[in-house]
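A.B. asks: Provided below for reference: sequence and predicted model.
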Amino acid sequence: MPSVLLLGLDPRLAPGMDADAVLALIDTDMARLREHGANTSTVLLPLDESTEPTIVGALAERAWDVVVIGGGIRKPEQLLTFFEKVVNLIRQHAPQAAIAFNTSPGDSSEAAQRWL
């Protein structure tokens, strides 16, 4: 059974964002992957000292087939260094995993399926 990990910024910590709507999109999207037989896990990250150990812990949970990096991590220019850190943590702790990118909270399943 394929496995997919979604790493994203916690929308509850983003000012001006409708966190409930984003969380609902993520839940619906991950349910689509489970309907296709995938094991899924979503890790929503704060931007603090707990972020790196949280990512490493999630990557160590299993041998992931695909890790999807959400747009909240990779799109803002001010998070470029953080985005690079996330990619390198995946390369180091889950080298077997394909890395995929979504365009919105509602299309992570499509991003993952490109690599399953």
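C.D. replies: Here it is on my side, so go on. Numbering: from 1, shown residues only.
A.B. asks: Show residues contacting the helix or strand of the chain with the lowest mean pLDDT.
C.D. replies: In the chain, no helix or strand scores lower on mean pLDDT, DSSP states H and E than helix 71-74, which sits at a mean of 92. Helix 71-74 has contacts (C-beta atoms under 8 Å, 6 or more residues apart in numbering) with 7-9, 11, 14, 45, 79, 82-83, 86, 101-105. C-beta here means a position set from N, CA and C on the backbone, and glycine is covered the same way.
A.B. asks: Highest neighbour count among those residues?
C.D. replies: Leu7 (25 neighbours; other C-beta atoms under 10 Å).
A.B. asks: A helix includes that residue, no?
C.D. replies: No: looking at Leu7 with DSSP: H, G, I helix; E, B strand; the rest coil, it is strand, so not inside a helix.
A.B. asks: Looking at the contacts of helix 71-74, which gets the smallest pLDDT?
C.D. replies: Scanning the contacts of helix 71-74 for pLDDT, the low point is Ala14. It has 83.
A.B. asks: I'd like to know how far that one sits from Leu59.
C.D. replies: The gap separating Ala14 from Leu59 is 23 Å, by C-beta to C-beta, to the nearest Å.
A.B. asks: ok, now Thr51?
C.D. replies: 13 Å.
A.B. asks: Which parts of the protein are strands?
C.D. replies: 3-9, 39-45, 66-69, 98-101 (DSSP state E).
A.B. asks: would you turn those strands into a markdown table with distance to Val22?
C.D. replies: Conversion of the strands of the chain to a markdown table gives the following (distance: least, C-beta to C-beta, whole Å):
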| stretch | distance to Val22 |
| --- | --- |
| strand 3-9 | 9 |
| strand 39-45 | 9 |
| strand 66-69 | 15 |
| strand 98-101 | 17 |
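A.B. asks: Which stretches in the protein count as helices?
C.D. replies: For the chain, applying DSSP state H gives helices covering 19-35, 51-60, 71-74, 80-93, 108-113.
A.B. asks: looking at those, which is buried most?
C.D. replies: Comparing the helices of the chain by mean neighbour count (mean count of other C-beta atoms under 10 Å), helix 108-113 ranks first with a mean of 23.
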